[in-house]
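Visitor: A predicted structure for the sequence below; I have some questions about it.
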Amino acid sequence: MKVLLIGGGGREHALAYKIAQSKKVTALYCAPGNAGIEEYAVCVPIGVMEFEKLADFAVKESIDLTVVGPDDPLVGGITDVFLERGLRVFGPKKNAAIIEGSKAFSKDLMKKYHIPTAAFETFRSAEAAYTYLETCSYPVVLKADGLAFGKGVLICNTKEEAADGVKLIMEDKQFGHSGDVLVIEEFMTGREVSILAFCDGTDIAVMTSAQDHKRALDGDQGLNTGGMGTFSPSPFYTEEINSYCMEHIYKPTMAAMKEEGRSFTGILFTGLMLTKDGPKVVEYNARFGDPEAQVVLPRLKNDIIEVFESCIDGHLTDSKLEFEDNAAVCVVLASEGYPLSYEKGFIIEGLEELKGEEGVFAFHAGTDKENGKIVTAGGRVLGITAIGNNLKEARANAYEAVERVKFPNKYRRSDIGKAIDEV
């Protein structure tokens, strides 16, 4: 079968790697792709938001299945466009992708259906938000309602910081129209865990756990980013916790979306906080996490195309997910200055040395090709992922590989997976 993958980041590189392993796939295309994805797919220069052009390409090339990677096209309704053209596509419809596209919607959904999450209030005017800040206990969390590249969340320790945050999001429009509505919620403490799951509109199949590192600097300091690294599995996510979450979070979420007329078919990403009062939802996403996909997908034993198809056809119960009994750690190599300003266009060295090395992957996030050389082209440049028999071994392998990849203004956190030392 012919497959079209939409996207061009590290998540899509990991997906391309996994899709290419399927015995069912005879040809793989990726739009727009990147310098690393070229190894597995024919890259097509069409942007992720050019829905009609993408659909035209799928029709012209007789694509059997399209897999949508990023959040923007899903929230924008690309699945609906493809379905209207009679094309087979994996990813939630627009009315279901709102679970990620609007934090106000998802918080209201959780409140209505009694799904555990942080206490919150929603605001549509800055003045009302400023007034509410007078009544808060600190710290508090401010969340821009819409998509913001994983950066629209501010943790504010004082009323003054929170007021500055309200101004930044609602008045200065740092995140554009995503800040037209603001969610202010209580600050939760505990271990964060990321859970990805396949969904077919009714049933849900949970994948192995992962833990992301959102902040730019060591010690979870600095600005929020799209993710600076991750590890899988999380030793803090036990079978007991999984059972609780299945009963009180995952299944109720699927049922709630169905009840609302928004049946969810695709990947549901649940960000959890393991609080002293039990697991609570931090946020939902409507697609694979980035960089969570880079540590979860290499450990998946199933043919991913078969699982995608079972979701589309409503037969997810026929698929039993299996994962390797090992561990993975991903360290993101970023451009110095990310997530703010940074320079691009630097030649990357050391990638050829890693290629083909068993258990080591250099997933391209922000790269390009110039004069036959791979160069930096984004804030997050590469996700260096390594497998090990256990988390400590995987972490050591990942950081050893990190040192072999070089480019000017290279930056990475030195403490990805450090929490596992506490286990």
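Guide: Nice, thanks for sending it over. Because the structure is a prediction, the values reported are computed rather than measured.
Visitor: per-residue pLDDT, residue 176?
Guide: Note on residue 176: pLDDT of 93.
Visitor: Poorly predicted segments of the stretch 301-423 of the chain, please.
Guide: 422-423 (pLDDT under 70).
Visitor: Try it again at 80.
Guide: Residue ranges of the stretch 301-423 of the chain with pLDDT under 80: 356, 420-423.
Visitor: The stretch 151-300 of the chain too?
Guide: 151.
Visitor: residue boundaries of the helices in it?
Guide: Here the stretch 151-300 of the chain has its helices, by DSSP state H, counting those that start in this stretch, at 159-166, 239-245, 251-259, 292-296.
Visitor: for these, which one sits closest to residue 20?
Guide: Closest approach to residue 20 among these (CB to CB): helix 292-296, 14.5 Å. Any C-beta I mention is one placed from the backbone N, CA and C, and that applies to glycine too.
Visitor: List the buried residues for whichever helix or strand comes after the closest one?
Guide: Moving toward the C-terminus from helix 292-296, the next helix or strand (DSSP states H and E) is helix 304-312. Residues of helix 304-312 classed as buried: 304, 305, 307, 308, 309, 310, 311, 312 (neighbour count, 16 or more other CB atoms under 10 Å).
Visitor: which of those lies closest to residue 22?
Guide: residue 305 (4.1 Å).
Visitor: residue contacts, the nearest residue to the closest one once chain neighbours are set aside?
Guide: Nearest non-adjacent residue to residue 305, counting by CB to CB, 6 or more residues apart in numbering: residue 22, 4.1 Å away. Neighbouring residues of residue 22 by CB atoms under 8 Å, 6 or more residues apart in numbering: 303, 304, 305, 306.
Visitor: And those, which is closest to residue 70?
Guide: residue 304 (17.3 Å).
Visitor: ok, that closest one touching residue 16?
Guide: No - if you go by CB atoms under 8 Å, residue 304 and residue 16 don't touch, sitting 10.7 Å apart.
Visitor: quick one: average pLDDT of stretch 90-102?
Guide: 97.
Visitor: what's that stretch in contact with?
Guide: 65-68, 71, 74-80, 83, 105-106, 109, 145-147, 181, 253, 257, 261-269, 283-287, 308, 311-312.
Visitor: Can I get whichever strand or helix holds residue 66 in PDB, CA atoms only?
Guide: Per DSSP H and E, residue 66 falls inside strand 65-68. Output of strand 65-68 as PDB, limited to C-alpha atoms (Å, rounded to 0.1, in the frame of the first residue of the first chain):
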ATOM      1  CA  LEU A  65      -3.600   5.800   3.800                       C
ATOM      2  CA  THR A  66      -2.600   9.300   5.000                       C
ATOM      3  CA  VAL A  67      -1.200   9.700   8.500                       C
ATOM      4  CA  VAL A  68      -1.300  13.200  10.000                       C
END
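Visitor: residues touching residue 405, list them.
Guide: 333, 348, 349, 350, 351, 354, 362, 382, 384.
Visitor: change it to 10 Å
Guide: For residue 405, the contacting residues are 331, 333, 348-351, 353-354, 362, 381-382, 384, 412, by CB atoms under 10 Å, 6 or more residues apart in numbering.
Visitor: So residue 90 versus residue 64, what's the distance?
Guide: 11 Å (CB to CB, to the nearest Å).
Visitor: any shared contact partners between those two?
Guide: 3, 305, 309.
Visitor: Looking at these, spot the one nearest residue 177.
Guide: Checking the shared contacts of residue 90 and residue 64 one by one against residue 177 (CB to CB), the nearest turns out to be residue 3, at 33.1 Å.
Visitor: ok, that closest one to residue 86 distance?
Guide: 17 Å.
Visitor: partners of residue 156 in the sheet?
Guide: residue 140 (DSSP bridges).
Visitor: and it, how many neighbours does it have?
Guide: Residue 156 has 21 neighbours, counted by other CB atoms under 10 Å.
Visitor: Settle this for me: it is touching residue 138, isn't it.
Guide: Yes - in this structure, residue 156 is within contact of residue 138 by CB atoms under 10 Å, at 7.0 Å.
Visitor: Common neighbours of those two, please.
Guide: Contacts common to residue 156 and residue 138, judged by CB under 10 Å, 6+ apart, are 162, 187.
Visitor: Can you pull the phi/psi pair for residue 408?
Guide: phi -60, psi 150 (degrees, to the nearest 10).
Visitor: about what we covered before: of the contacts of residue 405, buried ones?
Guide: When the contacts of residue 405 are checked against 16+ other CB under 10 Å, the ones flagged as buried are 331, 333, 348, 350, 351, 354, 362, 381, 382, 384, 412.
Visitor: In TSV, list those along with secondary structure.
Guide: What follows is these, written out as TSV (DSSP: H, G, I helix; E, B strand; the rest coil):
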residue	secondary structure
331	strand
333	strand
348	coil
350	coil
351	helix
354	helix
362	strand
381	strand
382	strand
384	strand
412	coil
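Visitor: need the contact list for the residue nearest in space to the middle of the chain.
Guide: In the chain, the centroid-proximal residue (CA atoms, centre = their mean) is residue 289; its distance is 1.8 Å. Residues near residue 289 by CB under 10 Å, 6+ apart: 11, 150, 194-196, 210, 212, 226-227, 230, 267, 269, 271, 295-296.
Visitor: Give the buried subset of the residues you listed as a ChimeraX selection command.
Guide: Burial among the contacts of residue 289 is assessed by 16+ other CB under 10 Å; the matching ChimeraX selection reads:
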select :11,150,194,195,196,210,212,226,227,230,267,269,271,295,296
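Visitor: Tell me which two of the contacts of residue 289 sit farthest apart.
Guide: 195 and 226, at 18.2 Å, using CB to CB across those.
Visitor: what's the burial count for residue 260?
Guide: 17.
Visitor: For the nearest residue to residue 188 once chain neighbours are set aside, list each beta-bridge partner.
Guide: Leaving aside its chain neighbours, residue 188 sits nearest to residue 273 (4.5 Å; criterion: CB to CB, 6+ apart). Residues in a beta bridge with residue 273, per DSSP bridges, are residue 192, residue 280.
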